[in-house]
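Undergrad: Quick one: sequence and predicted model below, then my questions.
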Amino acid sequence: MDRILIEALKVDTVIGVYDWERSIQQSLSLDLVLATDIRSAAATDDLRLTLDYAAICQRIQQFANEHQFALVETFAERLAECLRSEFPITWLRLTVRKPGAVPNAANVGLEITRGTLPEATQGPSA
């Protein structure tokens, strides 16, 4: 199974548990791995037959603009649900990092996987 990668996507959103965090936007850094079969798209050079990563990135920023969460965990879970419901994504790995959230750490965050990773199809033996 092929995988589309989106790495270090920066989104600004209101996120955090402290009162001061609820009044500012903070940056999150997202990495996504999205399972799909790209063979039809590659054979036809047709964007409609693959995952449009520009549209996915635009939807992620829209999601971040529309929602405010206390926990990075809630942001990740709800974003994964949103993406899987709006795009033909059967499996994803989402990493969310919150830079500067903890002193002396470059990032804190989490990684989740959702869905079922399709089995690779096996062709005839050569």
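TA: Perfect, thanks for sending it.

Undergrad: so where do the helices sit in this protein?
TA: Using DSSP state H, the helices found in the chain span residues 39-44, 53-66, 72-86.

Undergrad: quick one: the second one to chain centroid distance?
TA: So the one you mean is helix 53-66. 9 Å (CA atoms, centre = their mean, to the nearest Å).

Undergrad: can you check stretch 13-26 too?
TA: So, by CA atoms, centre = their mean, the centroid of stretch 13-26 is 21 Å from its chain's centroid.

Undergrad: and it, which residues are buried?
TA: Across stretch 13-26, burial judged by 16 or more other CB atoms under 10 Å covers T13, V14, I15, G16. C-beta: built from backbone N, CA, C; applies to glycine.

Undergrad: from those residues, which single one is nearest I89?
TA: When those are compared for distance to I89 (CB to CB), T13 wins out at 20.8 Å.

Undergrad: wait, isn't the closest one in contact with S29?
TA: No - T13 is beyond contact range of S29, at 11.7 Å (criterion: CB atoms under 8 Å).

Undergrad: Of all the helices of the chain, which one is nearest Q25?
TA: Nearest of the helices of the chain (CB to CB): helix 53-66, 8.9 Å.

Undergrad: Would you mark the buried spots in that closest one?
TA: For helix 53-66, by 16+ other CB under 10 Å, it's Y53, I56, R59, I60, F63, A64.

Undergrad: Just name the closest of those residues to I89, please.
TA: I56 (8.4 Å).

Undergrad: Could you double-check that that closest one sits in contact with R84?
TA: No - look at I56 against R84 with CB under 8 Å: they stay out of range, at 11.2 Å.

Undergrad: helices or strands up against the longest strand along the chain?
TA: Ranked by residue count and defined by DSSP state E, the top strand of the chain is strand 2-15. Using 3 or more CB pairs under 8 Å, 6 or more residues apart in numbering; DSSP states H and E, the elements in contact with strand 2-15 are strand 26-36, helix 53-66, strand 68-69, helix 72-86.

Undergrad: TSV please, covering these and showing mean pLDDT and distance to V96.
TA: Output for the helices and strands packed on strand 2-15, formatted as TSV (pLDDT from 0 to 100; distance: least, CB to CB, whole Å):
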stretch	mean pLDDT	distance to V96
strand 26-36	96	6
helix 53-66	98	11
strand 68-69	96	11
helix 72-86	97	5
